[in-house]
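Undergrad: Show me how the following folds:
(4 chains)
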Number of protein chains: 2
Amino acid sequence: MDQIDRKLLNLLQEDASRTNADLADAVGLSPSSCLRRIRRLKSTGIIDRIVAILRPAKAGRGMKALVTVELEHHGEQQTRRFLDLVTKEAAVIQAYSVSGETDVALMLHLKDMEAFDALCDPLFREGSNVARYHTMFVIRTAKETTAIPM
Amino acid sequence: MDQIDRKLLNLLQEDASRTNADLADAVGLSPSSCLRRIRRLKSTGIIDRIVAILRPAKAGRGMKALVTVELEHHGEQQTRRFLDLVTKEAAVIQAYSVSGETDVALMLHLKDMEAFDALCDPLFREGSNVARYHTMFVIRTAKETTAIPM
DNA sequence: ACTGTGCTTGCAATATTATTGCGTAGATAT
DNA sequence: ATATCTACGCAATAATATTGCAAGCACAGT
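TA: This next block holds a predicted model:
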């Protein structure tokens, strides 16, 4: 993991569709060496995967909401059960168990307010383990990156 | 935007390193037609970009924290200034202005608690516009996807 | 200082994959 | 019926990835 590896990771996190020859040129290596490095970064697992990122607005998910949840019963078992439940929902993009007063934090990507309403019922209904939940609707996205600067 | 396009988007969001011939086979098209569809999805902007996703733990950012911030002055100008400030930080992966009591929500990817400490000072110090901030440290990541099911 | 080991490199040949031109078929509107 | 538009598959071609191989470099042990 030297300077060249880090530069490759930065470049690939920006745009993984660049050709190998192009990347090789950018870091000052031959294509074959460059390719071998990239393969190593993949096989060692520091590169987890290569994916397409969609534009949420054009994919019909223009609305985002951040929800913090406080459970009735905070036990390991109950928390796990709730996480299993929310994880199955397509609108739930991120789900974390967190420290502090709130037990679970969720990021939702939704079509509209109606979709939010429809999601609340199955997830937070009476009789589920949810004591309280607090919703923050995203007004402006100032930053949203998948890149970790190396 | 038909069923084939949606299937392609789902496949590419899972793994964008598959070959075109492979994808064509998966959706039952010839490679040339498949390629033309993918190019159209890119040019119309529904596919924003192709990127490498790193494994945070292996990239030295094993710690995550969610921070909600309440500003002293909630005005448009002041909010924008604060967002501009936090956006510059590499550890800030996501930054949103949100509705409700809290004005801004942040997702942090950090190396360790020391890095968190070092970040708090410049962002939330006395004299900045921050009235209160509340940190939730991520204990477990139950779900973290970039894919929007189509 | 010498030498063996392990690792990375670049080159050049080869294999794989992406891309394009072209003719055809279906759908829609005139 | 016919013009128009769009998407399709095939096959040739261009671009790109991949591999084998010999050489270079760094480091540890003698």
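Undergrad: my guess is A:Thr145 contacts B:Ala90, does it?
TA: No - counting by CB atoms under 8 Å, A:Thr145 stays clear of B:Ala90, with 9.5 Å between them. Backbone N, C-alpha and C define where each C-beta goes, glycine included.
Undergrad: any shared contact partners between these two?
TA: Common contact partners of A:Thr145 and B:Ala90 (CB atoms under 8 Å, 6 or more residues apart in numbering or on different chains): none.
Undergrad: And the two? Which one has more around it.
TA: Higher neighbour count among A:Thr145 and B:Ala90: A:Thr145, with 17 against 14, using other CB atoms under 10 Å in any protein chain shown.
Undergrad: residues touching that one, list them.
TA: B:Ile93, B:Gln94.
Undergrad: Now do it against B:Ala91, distance only.
TA: 11 Å (CB to CB, to the nearest Å).
Undergrad: Low-confidence ranges, chain A, go.
TA: By pLDDT under 70, chain A contains no weakly predicted segment.
Undergrad: measure the residue nearest in space to the middle of chain A to DNA strand C for me?
TA: For chain A, the residue sitting closest to the mean C-alpha position, by CA atoms, centre = their mean, is A:Gln94 at 5.5 Å. Per CB to the nearest atom of the strand, to the nearest Å, A:Gln94 is found 30 Å from DNA strand C.
Undergrad: who's sitting farthest from the centroid in chain A?
TA: Relative to the chain centroid, chain A (CA atoms, centre = their mean) has A:Ser30 farthest, 33.8 Å.
Undergrad: was I right about that one contacting A:Asn20?
TA: No - between A:Ser30 and A:Asn20 there is no contact under CB under 8 Å: 10.2 Å.
Undergrad: contacts for the longest strand seen in chain A?
TA: Across chain A, the strand with the greatest residue count (assigned by DSSP state E) is strand A:130-144. With contacts defined as CB under 8 Å, 6+ apart, strand A:130-144 is touched by A:63-72, A:82, A:102, A:116, A:123-124, B:68, B:83-84, B:86-87, B:92-100, B:102, B:105.
Undergrad: Return a PyMOL selection command for the buried portion of those residues.
TA: Listed next is the PyMOL selection for buried residues among these, using 16 or more other CB atoms under 10 Å in any protein chain shown:
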select buried, (chain A and resi 63+64+65+66+67+68+69+71+82+102+116+123+124) or (chain B and resi 68+83+86+92+93+94+95+96+97+98+102+105)
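Undergrad: What about the contacts of strand A:130-144, which are in strands?
TA: Judged by DSSP E, these include A:63-71, B:68, B:92-98, B:105 as members of strands.
Undergrad: Can you pull the domain assignment for chain A?
TA: A:3-43, A:56-137 (automatic domain parsing).
Undergrad: Same list, those domains, but as TSV with distance to B:Ile38 please.
TA: Converted to TSV, those look like this (distance: least, CB to CB, whole Å):
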stretch	distance to B:Ile38
domain A:3-43	11
domain A:56-137	15
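Undergrad: Pick the most buried one from those.
TA: Of all the domains of chain A, domain A:56-137 has the most neighbours on average by mean count of other CB atoms under 10 Å in any protein chain shown, namely a mean of 17.
Undergrad: how far out from the middle of the chain is that one?
TA: 14 Å (CA atoms, centre = their mean, to the nearest Å).
Undergrad: Could you do stretch A:142-150 as well?
TA: Centre-to-centre, stretch A:142-150 and its host chain are 11 Å apart (CA atoms, centre = their mean).
Undergrad: Output that stretch as CSV, restricted to C-alpha atoms.
TA: Listed next in CSV are the C-alpha coordinates belonging to stretch A:142-150 (Å, rounded to 0.1, in the frame of the first residue of the first chain):
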residue,chain,number,x,y,z
ALA,A,142,-24.8,19.4,0.6
LYS,A,143,-22.5,16.4,0.2
GLU,A,144,-23.1,12.8,-0.5
THR,A,145,-20.0,10.9,-1.6
THR,A,146,-19.0,7.2,-1.5
ALA,A,147,-15.3,8.1,-1.7
ILE,A,148,-12.9,7.7,1.2
PRO,A,149,-9.9,10.0,0.4
MET,A,150,-6.7,8.0,0.7
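Undergrad: just to revisit the earlier point, in its sheet, which strands sit next to the longest strand of chain A, and in what direction?
TA: strand A:63-71 (antiparallel), strand B:92-98 (antiparallel) (DSSP bridges).
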